Every structure is written in structure tokens, then in C-alpha cells.
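S.K.: Need the 3D shape of this:
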Amino acid sequence: MYKMKDSGVEWVGEIPAHWKCIKSKYIFNLYSGETLSKEMLIDNGKYPVYGGGELIGYYNKYNVSEKSILIGRVGARCGCVTELHQHSWATDNALIIDANQASKYIFFALVSADLNSLNESNAQPLITATKILNNFIVFPPIEEQQKIASFLDDKCTEIDSLISKLKKQTETLEEYKKSLITETVTKGLNKNVNMKDSGIEWIGEIPEHWNTHPIYCYFSERKNKNSLGLENNLLSLSYGKIIRRDINSNGGLLPESFNTYNIIEKDDIIIRPTDLQNDKKSLRTAIAKEHGIITSAYIAMKAIKPVNPKYFHYLLHTYDVMKVFYNMGNGVRQGLNFSEFSRLMVFEPTIEEQNEIVAFLQEKCTEIDKIISEKKQQIKTIEEYKKSLIFEYVTGKKEVN
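M.R.: Next up, the predicted model:
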């Protein structure tokens, strides 16, 4: 074991007596990536673009090489650029250590450094080159740097492989859940019924006895402004769920007044109908589980006949996953109002079938979500172990044998 000494840096703690803990500016220089120009946007693009060590697009502009290290200015992400083409380019969100000064040990040392403490904003972390260059990193003799880097490279490759497998399993479960919902809400639970063409291009056949009508036959728009500002249970649509938000929070883009917000009720279906062509990743539908207020930019729908709103939520979720809404928007913000959205064709199983489908999907989705949650927790635990492993070896608390 190493003989240890106090590094003099709180987050580092003790380091081997013959190691140094010095400011980054004595080890490497930093320079910024380039601002994305109109010409680069127009370019067909052959080469990858990096920002903060993450691949974010493809453009044709030389800036970084295979051994460069990128540090994200926003969010304190540190990444090492690998698998580049002949030329690559880094955005102005990235600070770059060039290949001549970079090493795999420095990369690991930066990963273990407390970069999050360097951000200059309470709202969105923003790291400057000056802050990083004046931050301390642990610097052992070159032979030990190479030994540590080689060891951590092997270990992190094993860990990353395991994380990748778990993420793949999670993605597979997510896809299975989507297909299960789609199959159940469009075909029903009885596999022996006669089928007919639904007349809806993206759906195909549905059970013969199901009725097909526009949404306005089942739902109307709920418009109930919080005019007096008396309601304060602030709700938001996030990843296909309605969640509570802190109305007194300073974070995010909250308005000064919530008087224009819409009061919604349990089992209302909420649709986010804006920026349809620009955002094809977000989930745009959810069902409210409680009374509260939500931005009036969303469409809130309430049932006007005896139906199970949860069934129609699952159905519209299926449309959402199929990206049906993205062909419907218009105007500057490429959005929809209720009148336009309500003409979308949907179908109606019997109320008994709706209830059975909802009960079935709630049970199955709960089981799948539990497995997904467990796998995500495993990923989190392994990532924390990886971070701890890197820290212990780059600060000399563990020695490579």
C-alpha cells in the first residue's frame, strides 16, 4: 500500500505521498469548440459533431482528433472522443484538450474531479475554461498514470458492456410494453372474434362489433380558467404522465401568475399539441389522476358519454407512439386546437371490453414497469460503482497491483 498524505483539497482527501495534486492549468490548455453556423446546418455532413463528449449530429468541420478530451460546458459532462472519422468538429458547448496534451489518465482524472461544483449558475450548470483550469486534479508519475489508465480502461470496458446489456434489456421491455398496449387496445382480448377494416390507415383491422367515430363523439374540451388564482396544485405533462410541480419553485419556466392556467379533473385526458414536427421524441398524451391546474397551451378533454377514459388514454398513447399526431399540425408553432384534434378517428369497444382491457393493461404494465425499474436501479448502482472505482484509483486510495 502507498504511504499517504493530505492532498490539501477537500474533495480529494489523502493521496500517495509521492503524488501531486495540482491545478489543471499546469497540465493542459483548453480551447472552445465552434459555433454552429448556417453553412454547417446546410452541409450534407459526413463527419460527427461532438458536444461535451456526446455525439450530437453530423457536419463537415475539422476541430478535434481521436485522442482529444471534451468537457461539456453545460451539465458538467466529461467525455473522451473515440471512433472518429477523418475529420470531426466540436460545438461551442464543448471545451477541448487537444491530442498532444491529452492522455487516458487525464480523462479518468477529470471524470473523478468535482466538476459539478464549478458551475456558475443556479438554474443551468455552465462551466468555464478558467474554472476548470484552476480546479485541482491528482497527478502521479507518468509510469503510474499509464498503469492506472490501462487498468481502468479494462475495468470500465467490462462495466460499460454490462451497462449496455442492461440498457438493451430495458429498451426491449419498453418496446414490448408498447406493442402489448397497441395490440390490446386495437384488437381486444378475445382473439376469436370476427374482424373488419377499421378504415383508419395506421390501425388496420379491429373487431367487427366495435364502432368508429371522431373523438368529439366521446370527449369535449374542458375549459375552466383559474381566473381567481385560487387553485395551486400545479400539474405538468412529463414523459407520458401527469406529475405534480412545486408552484413556489424558482426553477424552470414558471409564470408569475397562474390565472390563465386550466383547472382539470381526475380522468381528464391531456394532450400537448404544439411543435408537432420539431419534437418527435416526447410523449404527448397523459391522463390526470387528480384535480389541479395545468398550462392552457395543452388540450384538456373530458368524457361526455359513459366510456372508460383510461381506455381512450391507452388508445391515444398508441397513436402517439405511432407518431400519428405529427402529420396534423399547422401554423408557426405547428400545433393543433381541440376542434382540429377532435376530428381524429377512434373506435369504441363495448364498455365491458373497455373495462377489461384497462384492467388487463394496468396489471401487465405494472409488472413490466417493475422489471424496468429494477434494471434501471441496477444500471444506477453499477454506474455509481464505476464512478467510485475511478475515484479510488486516480486518487491512489487503491493501488494497481
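S.K.: Strands of the stretch 251-400 of the chain, start to end?
M.R.: Read by DSSP state E, counting those that start in this stretch, the stretch 251-400 of the chain holds these strands, from start to end of the chain: 262-264, 269-271, 285-287, 292-294, 299-303, 345-348.
S.K.: got it, and the stretch 51-200 of the chain?
M.R.: Per DSSP E, counting those that start in this stretch, the stretch 51-200 of the chain carries strands over the ranges 54-58, 69-72, 78-80, 89-90, 94-97, 136-139, 195-197.
S.K.: Report the contact partners of the spatially closest residue to Q169 that is not a sequence neighbour.
M.R.: When the adjacent residues along the chain are set aside, Q169 lies closest to K375, with 5.9 Å between them (CB to CB, 6 or more residues apart in numbering). Just so you know, the C-beta spots here come from the backbone N, C-alpha and C atoms, and that holds for glycine as well. In this structure, K375 makes contact with 166, 169-170, 173, judged by CB atoms under 8 Å, 6 or more residues apart in numbering.
S.K.: swap the cut-off to 10 Å and go again
M.R.: Applying CB atoms under 10 Å, 6 or more residues apart in numbering to K375 gives the contacts 165-170, 173.
S.K.: Provide the partner residues of E348 in its beta bridges.
M.R.: N211 (DSSP bridges).
S.K.: My read is that it contacts T212, right?
M.R.: Yes - look at E348 against T212 with CB atoms under 10 Å: they come within range, at 7.6 Å.
S.K.: With neighbour numbers in mind, choose between those two.
M.R.: More neighbours sit around E348 than around the other of E348 and T212, counting by other CB atoms under 10 Å; the figures are 19 against 16.
S.K.: pLDDT below threshold where in the stretch 101-250 of the chain?
M.R.: With pLDDT under 70 as the threshold, the stretch 101-250 of the chain has low-confidence stretches at 119-125, 250.
S.K.: Which residue, other than its chain neighbours, is closest to I372?
M.R.: Distances taken as CB to CB, 6+ apart place L173 nearest to I372, at 5.1 Å, with adjacent residues excluded.
S.K.: Tell me how many other residues crowd that neighbour.
M.R.: L173 sits with 15 neighbouring residues when counted by other CB under 10 Å.
S.K.: ok, now which ones touch it?
M.R.: When contacts are counted by CB under 10 Å, 6+ apart, L173 touches 368-369, 371-372, 375.
S.K.: sorry, back to before: overlap of the contact sets of E348 and T212?
M.R.: Shared contacts of E348 and T212, defined by CB under 10 Å, 6+ apart, are found at I206.
S.K.: That concludes my questions; thank you for your assistance.
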